[in-house]
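Chemist: structure, please.
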Amino acid sequence: MPVYDKLGLNAIVGNYNGAHIHNPADPFFIPTITYLDLNEVLYILGDEKVKKEISNYAIEGPDWVQLMHRDPNLEKVFGFNQATKFRESINLEKLPLKPTGIVFDCQPTTDVLELLTYLKRRYGDLGEFSSW
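Modeler: All right, here's what the predicted structure looks like:
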């Protein structure tokens, strides 16, 4: 982690919205990784409302990311371009079994608050949803 080293940090780091907790400075620190259930991911991605409202999405895990369509802004903001294994395109039949997160990029016409409310109400028992 170049930024971590450059700043001289020696602390625990949480990545993927806290799904991956590790300490790059301590080789003996045992990382904690919380994975999503792949069936639940596919269930949410198959929702007609979700499919209609998103223009792009990424599925990520420790050191890998699959992005449906290249997008320099998404890649930079979420650090996708730094993943060891980066793939453009998503084949839902060949996803790694243990993703840690999904990032949706919405259509310009999407009411993000309404979609977020929908996701929380319909799938809140499966995961956490937030927007930026």
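Chemist: and the gap between E60 and I12?
Modeler: As defined by Cβ to Cβ, to the nearest Å, E60 lies at a distance of 20 Å from I12. The way it works is simple: take the backbone N, C-alpha and C, and place the C-beta from them, glycine included.
Chemist: and if you look at R121?
Modeler: Applying Cβ to Cβ to R121 and I12 gives a distance of 33 Å.
Chemist: those two - which one has more neighbours?
Modeler: Higher neighbour count among R121 and I12: I12, with 14 against 9, using other Cβ atoms under 10 Å.
Chemist: let me know the pLDDT of the closest residue to the more buried one other than its chain neighbours.
Modeler: Distances taken as Cβ to Cβ, 6 or more residues apart in numbering place N23 nearest to I12, at 4.9 Å, with adjacent residues excluded. On the pLDDT scale, N23 is placed at 80.
Chemist: is it true that N23 touches I30?
Modeler: No. In this structure N23 lies outside contact range of I30 using Cβ atoms under 8 Å: 9.3 Å.
Chemist: a strand runs through D105, doesn't it?
Modeler: Yes. The assignment for D105 is a strand, going by DSSP: H, G, I helix; E, B strand; the rest coil.
Chemist: cool, thanks, talk later.
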